[in-house]
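In: Below are the sequence and a predicted model; questions follow.
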Amino acid sequence: MLMNYKSHIKHFLKITKYYKKWIRQHSSQTNLNLKPPWKVMFFGTDEFSVCSLDKLYSTCREGSVINQLEVVTSVKNKANPVQRYAVSNKIQFHNWPCGNVDQKFDIGVVVSFGKLIPKSIIHEFPLGMINVHASLLPRWRGAAPIIHALASGDEVTGVTIMRIQPHKFDLGEIIKQKSIEITDNTTQDQLTKELANIGASLLVDTIKELPTCIKNATPQPENGVTYAPRINIQSSRINWLMMDSNTIYNLYRALKGLYHLHCTWKGIPVKFIDVGRLNTESSSQFTNNPSSQISNIPGYVYYSKNHNHLRIQCKDGKWIVVNELIVHGRKPMKSKDFYNGFMSKCHPKLHMFT
């Protein structure tokens, strides 16, 4: 009799466990009748994340839309921007992995977090999880959308608020999007700040009308998918024989604030700090220079005394301009100093970057 009782209890607990799991897995569909103020758990790490966190915190202090806010971040050897912001504003934060949320929050918000969120965590939020992504999905899925948009010469980009799917990056349904134009002079550091602000505002707009936004989310188009994998310092290496002037200048814009473009001078590593493109008028003047008979070699460099900059030949026969650079082991220097210290000491035919 006692054995049967224990067996029934065990069976009941097993059924209850599976029932709770089923409820969690379907909570984002069955709890769209929830109402604000919301309890929000925020997942982020970097400065891009902080912009959204700051907007959520300001909204939380008002109390009508959000009444609870906690943070999950990845704490390593030193505090990241999100951790510092949380500590400074007395926001409770948890180190990743954070364990079970236990349905204490209505929704999870992910901004530049860089970690795959497991299904068990996503389903702990009755309204699921949403993500602020710095591109117009499905273009530039991945970790470095801003860099790839600039390096590819895109003229338009934007921000997407999307739902998060378990075990997948950037494939969820689109909730909101906002696009902006990219100018020829826009750089990575500038665009990151602009999109961070746009994303933060778009996120708060989404939070204010959460159930409706989630209900009206649409699948991403199957066409136009591109990928934006992580980059490293090797991505900033210039191959003069393979890269045209647009490719080099766009790469400079894409990596500004992260890595300097680099190559070598007589085997010595060189980094370019300030890079531009030669305009049509200047290019015409340069073509008439006596040195032009050897200027069709990619990597050939000429110092313009009239403009006080270096002009470097690219694969397409056009030129990029360098105003400031660093020679390995030395402090940053202007182009004139590089000419005096390095170029003037050898024959013009040997003025080559490789």
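Out: That came through, no problem.
In: For Leu191, what is the enclosing helix or strand?
Out: Leu191 belongs to helix 188-208 when assigned by DSSP states H and E.
In: Any idea how far that helix is from the middle of the chain?
Out: 12 Å (Cα atoms, centre = their mean, to the nearest Å).
In: go on, stretch 118-127?
Out: Relative to the mean C-alpha coordinate of its chain, stretch 118-127 is positioned 24 Å out (Cα atoms, centre = their mean).
In: How far does it stretch from one end to the other?
Out: By Cα to Cα, to the nearest Å, the extent of stretch 118-127 from end to end equals 16 Å.
In: Please apply the same query to stretch 325-338.
Out: First-to-last residue span, stretch 325-338, Cα to Cα: 8 Å.
In: mind listing what's buried in it?
Out: Leu325, Ile326, Val327, Met333, Lys334, Ser335, Phe338 (16 or more other Cβ atoms under 10 Å). To be clear about C-beta, it is placed using only N, CA and C from the backbone, and glycine gets the same treatment.
In: follow-up on the earlier one: what average pLDDT does the helix holding Leu191 get?
Out: The pLDDT scores in helix 188-208 average 97.
In: which non-adjacent residue is nearest Ile74?
Out: Not Ile; residue 74 is Ser. Spatial nearest neighbour of Ser74, chain neighbours left out: Trp96 (4.6 Å); criterion: Cβ to Cβ, 6 or more residues apart in numbering.
In: check contacts around that neighbour.
Out: Counting by Cβ atoms under 8 Å, 6 or more residues apart in numbering, Trp96 makes contact with Phe43, Val72, Thr73, Ser74, Val75, Lys115.
In: From those, keep the buried residues only.
Out: The buried subset of those (16+ other Cβ under 10 Å) comprises Phe43, Val72, Thr73, Ser74.
In: And these, which is closest to Cys346?
Out: Using Cβ to Cβ, Ser74 is the member of these that lies nearest Cys346, at 49.5 Å.
In: residue contacts, the closest one?
Out: Ser74 touches Thr45, Asn80, Asn95, Trp96, Phe113, Gly114, Lys115, counting by Cβ under 8 Å, 6+ apart.
In: What is the neighbour count of the fifth one?
Out: Same thing as Phe113. A count of neighbours around Phe113, defined by other Cβ atoms under 10 Å, yields 22.
In: Once you drop chain neighbours, what's closest to it?
Out: The nearest residue in space to Phe113 (Cβ to Cβ, 6+ apart) is Phe43, at 4.5 Å.
In: Which secondary structure element is home to that neighbour?
Out: strand 38-44.
In: can you list contacts of that strand?
Out: Counting by Cβ under 8 Å, 6+ apart, 49-50, 52-53, 56, 60, 65-73, 82, 96, 101, 104-113, 115, 117, 125, 127, 207, 210 sit against strand 38-44.
In: Give me the sheet partners of it and which way each runs.
Out: With DSSP bridges as the test, strand 38-44 is paired with strand 66-73 (parallel), strand 107-111 (parallel).
In: Please pull up the helix or strand immediately following the first one.
Out: Next in sequence after strand 66-73, counting helices and strands by DSSP H and E, comes helix 81-88.
In: May I see the buried residues of that following helix?
Out: For helix 81-88, by 16+ other Cβ under 10 Å, it's Pro81, Val82, Gln83, Tyr85, Ala86.
In: Specify which member of these is nearest to Met352.
Out: Nearest to Met352 among the buried residues of helix 81-88, with distances taken as Cβ to Cβ, is Pro81, at 41.7 Å.
In: Kindly export the strand holding Phe43 (C-alpha atoms) in PDB.
Out: The C-alpha coordinates for strand 38-44 follow below in PDB (Å, rounded to 0.1, in the frame of the first residue of the first chain):
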ATOM      1  CA  TRP A  38       6.800  45.100 -16.800                       C
ATOM      2  CA  LYS A  39       9.500  43.200 -14.900                       C
ATOM      3  CA  VAL A  40      12.500  43.200 -17.300                       C
ATOM      4  CA  MET A  41      15.800  41.300 -17.200                       C
ATOM      5  CA  PHE A  42      18.500  42.800 -19.400                       C
ATOM      6  CA  PHE A  43      21.400  40.900 -21.000                       C
ATOM      7  CA  GLY A  44      24.300  42.900 -22.300                       C
END
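In: No more questions from me, cheers.
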